[in-house]
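Engineer: I would like to see how this sequence folds:
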Amino acid sequence: MLVAGLMQHAADPFGKKEKALLYFAISILFLLVGSGRYGLDSAEVRCLIGGNSCKE
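Structural biologist: Got it, this is the predicted structure:
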């Protein structure tokens, strides 16, 4: 999305680039922070340590 925002829409106004740059920022945020307790890996860990959210 960074390439789309900066290369393909280089001559366009910011309003046209905004969505591509926003999607890029959100993907970087998820890459750095992770999905937390709502992620599939977190549910798997809860299941392995004996949590109640494990379906058997």
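
Engineer: rest of the way, CA atoms for contacts and neighbours
Structural biologist: Fine.

Engineer: Any regions of this protein where pLDDT drops low?
Structural biologist: The chain contains residues with pLDDT under 70 at 40, 43-46, 48, 50-56.

Engineer: can you map out the helices along it?
Structural biologist: 2-3, 14-33, 40-48 (DSSP state H).

Engineer: With mean neighbour count added, can I get the ones you listed in JSON lines?
Structural biologist: Shown next, in JSON lines, are the helices of the chain (neighbours: other CA atoms under 10 Å):
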{"stretch": "helix 2-3", "mean neighbour count": "13"}
{"stretch": "helix 14-33", "mean neighbour count": "13"}
{"stretch": "helix 40-48", "mean neighbour count": "13"}
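
Engineer: Which residues are in contact with Lys16?
Structural biologist: His9 (CA atoms under 8 Å, 6 or more residues apart in numbering).

Engineer: can you do 6 Å?
Structural biologist: Residues in contact with Lys16 (CA atoms under 6 Å, 6 or more residues apart in numbering): none are found.

Engineer: Same check on Gly15?
Structural biologist: Contacts of Gly15 (CA under 6 Å, 6+ apart): none.

Engineer: Sounds good, over and out.
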